[in-house]
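Student: how would this look folded up:
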Amino acid sequence: MNEPVNKSAGRKSISVSLKPRELMTEDPRLNGVWTAQIITLFPKAFPGVLGESLTGRALAEGKWCLETIDLRPYGIGKHKNVDDTPAGGGAGMVLRADVVGPAIDAALASAPVGRPLVYLSPRGRRFDQKMAQSWADGNGVILLCGRFEGVDQRVLDHYNIQEVSLGDFVLTGGEIAAQAMIDAAVRLRPDVLGNAASTVDESHSNGLLEHPQYTRPAEWKGREIPEILSSGHHANVEKWRLEQSRKLTQDRRPDLWDAYQNKQDD
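Tutor: Presented below is the predicted three-dimensional model:
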């Protein structure tokens, strides 16, 4: 029997059988490291953009770890089929429970108790900054990337999987959504951005959209940086930025503005 391969990035590369290698070794290098485990038909899609810039540097430095669990080796029969036609008829194909289940078992076997298990689905709860922070505060996340018409419902029910959506639109699979969500969480981890204040002032951190940003040159195509930003009066600058954030949120995201006002009232 061919052994499924678990591709990892970060402090070390890991090859595993159906029993994850972490359970068979005393190597502690990954102990305590925030880890994103991705169950996917396309492991070569990772790390993708996560391997670039600050998240890529943090990955290389072992500040977080990435593991991919390839669904294909768990496929059924000679051709390693992973899907079948929908029960009751209909278009498309559905990922089989007897394929996805064992892959999830392998991921759970190497994960600490309590690590969130998430299926990336357009019918799930919408992903937001609060969820990203929750993931960042934990020990990692397990993400199941769907394909075709989705996953057999029995898998979702059996493992009590949380469904999460990147937004109100449909992608061809969960891999792009997974990278976006991992990026949102990893950047909130200690020492990843290098400047903790960067995550405090940005959009959604306090329920408001971020204020406009400016830099050199002072004048560009007849447009100048607002005078207040060059005043050196930090209190006035902060007041201006808060006013801009409130105005932008009220104009562009009435839903966020209503929630912000209710929070202020409370």
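
Student: rest of the way, CA atoms for contacts and neighbours
Tutor: Noted.

Student: could you find the closest non-adjacent residue to residue 64?
Tutor: Among residues not flanking residue 64 along the chain, residue 34 sits closest, at 4.9 Å (CA to CA, 6 or more residues apart in numbering).

Student: look up how far residue 118 lies from that neighbour.
Tutor: Using CA to CA, to the nearest Å, residue 34 is found at 16 Å from residue 118.

Student: and residue 84, by the same measure?
Tutor: According to CA to CA, residue 84 stands 22 Å off from residue 118.

Student: and what of residue 66?
Tutor: 15 Å.

Student: now do residue 215
Tutor: Distance, residue 215 to residue 118, using CA to CA: 39 Å.

Student: ok, the two, which is more surrounded?
Tutor: Counted by other CA atoms under 10 Å, residue 215 and residue 118 do not tie: residue 118 has more neighbours, with 22 against 8.

Student: wait, doesn't the more buried one sit right on residue 159?
Tutor: No - using CA atoms under 8 Å, residue 118 is not in contact with residue 159; the gap is 10.0 Å.

Student: can you spell out which helices and strands pack onto the strand or helix carrying residue 68?
Tutor: Per DSSP states H and E, residue 68 falls inside strand 64-70. Counting by 3 or more CA pairs under 8 Å, 6 or more residues apart in numbering; DSSP states H and E, the packing neighbours recorded for strand 64-70 are strand 6-9, strand 34-40, helix 53-60, helix 97-109.

Student: before we move on, what SS does the closest residue to residue 188 other than its chain neighbours have?
Tutor: With CA to CA, 6+ apart as the criterion, residue 188 has its nearest non-adjacent residue at 6.0 Å, and that residue is residue 136. Put simply, residue 136 is helix when judged by DSSP: H, G, I helix; E, B strand; the rest coil.

Student: quick one, what contacts residue 136?
Tutor: Residues near residue 136 by CA atoms under 8 Å, 6 or more residues apart in numbering: 34, 185, 186, 188, 189.

Student: quick one: the strands in the stretch 101-250 of the chain?
Tutor: 117-126, 140-145, 162-165, 219-220, 223-224 (DSSP state E, counting those that start in this stretch).

Student: mean pLDDT and distance to residue 111 added to those strands, as TSV?
Tutor: Below are the strands of the stretch 101-250 of the chain laid out as TSV (pLDDT from 0 to 100; distance: least, CA to CA, whole Å):
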stretch	mean pLDDT	distance to residue 111
strand 117-126	96	10
strand 140-145	98	8
strand 162-165	98	16
strand 219-220	92	52
strand 223-224	94	52
